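# could you work out the structure for the sequence below:
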Amino acid sequence: MIETYAREGYRVRPGSLGENITLEDLPYEALAIGQRWRLGPRAVVQLSRPCTPCSELLVYGEDFVARTRGRRGYYARVLDEAPVSPGDTACLLGP
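Here you go, the predicted structure:
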């Protein structure tokens, strides 16, 4: 999403929208509550609930908040804690 907003002319950087992890080229429709994902070689997270853009994004203007509607992410609980680095892979482990 960060790249999409940047292409639209907004000055956003990774982490500036409150996200901790950003996965590229993964359709939102492919995600579901309960899925477990391995991030990097050892970290495992489980998608726990969807999150939607909030009023804190108003720092980018009302137009930005309107454009983010329908673009959301997920909260995830950490099942196995381990370092994750840019460029690491994400692998679906299952529900």
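# which SSE is residue 66 in?
In this structure, residue 66 sits in helix 62-68 according to DSSP states H and E.
# what comes up buried for that helix?
64-65, 67-68 (16 or more other CB atoms under 10 Å). (Each C-beta comes from the backbone N, C-alpha and C, glycine too.)
# tell me which two in the residues you listed are the farthest apart.
65 and 67 (7.4 Å; CB to CB).
# other SSEs contacting the helix holding residue 66?
Judged by 3 or more CB pairs under 8 Å, 6 or more residues apart in numbering; DSSP states H and E, helix 62-68 is in contact with no other helix or strand.
# gap between it and the chain center?
Offset of helix 62-68 from its chain centre (CA atoms, centre = their mean, to the nearest Å): 17 Å.
# neighbouring strands for whichever helix or strand comes after that helix, and are they parallel or not?
The helix or strand immediately downstream of helix 62-68 is strand 73-80, counting by DSSP H and E. Paired with strand 73-80 in the same sheet, following DSSP bridges, are strand 43-51 (antiparallel).
# could I get stretch 82-90 in CSV with only the CA atoms?
What follows is stretch 82-90, C-alpha atoms only, in CSV (Å, rounded to 0.1, in the frame of the first residue of the first chain):
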residue,chain,number,x,y,z
ALA,A,82,12.0,-13.8,15.9
PRO,A,83,13.7,-11.1,14.0
VAL,A,84,12.3,-10.1,10.6
SER,A,85,14.2,-8.0,8.0
PRO,A,86,13.3,-6.2,4.8
GLY,A,87,13.3,-8.6,1.9
ASP,A,88,12.5,-11.7,4.1
THR,A,89,9.8,-14.0,2.6
ALA,A,90,6.3,-14.6,3.9
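# report the buried residues of it.
For stretch 82-90, the neighbour count (16+ other CB under 10 Å) marks residue 84 as buried.
# cool, stretch 68-85 as well?
The neighbour-count check on stretch 68-85 (16+ other CB under 10 Å) flags 68, 73-74, 76, 84 as buried.
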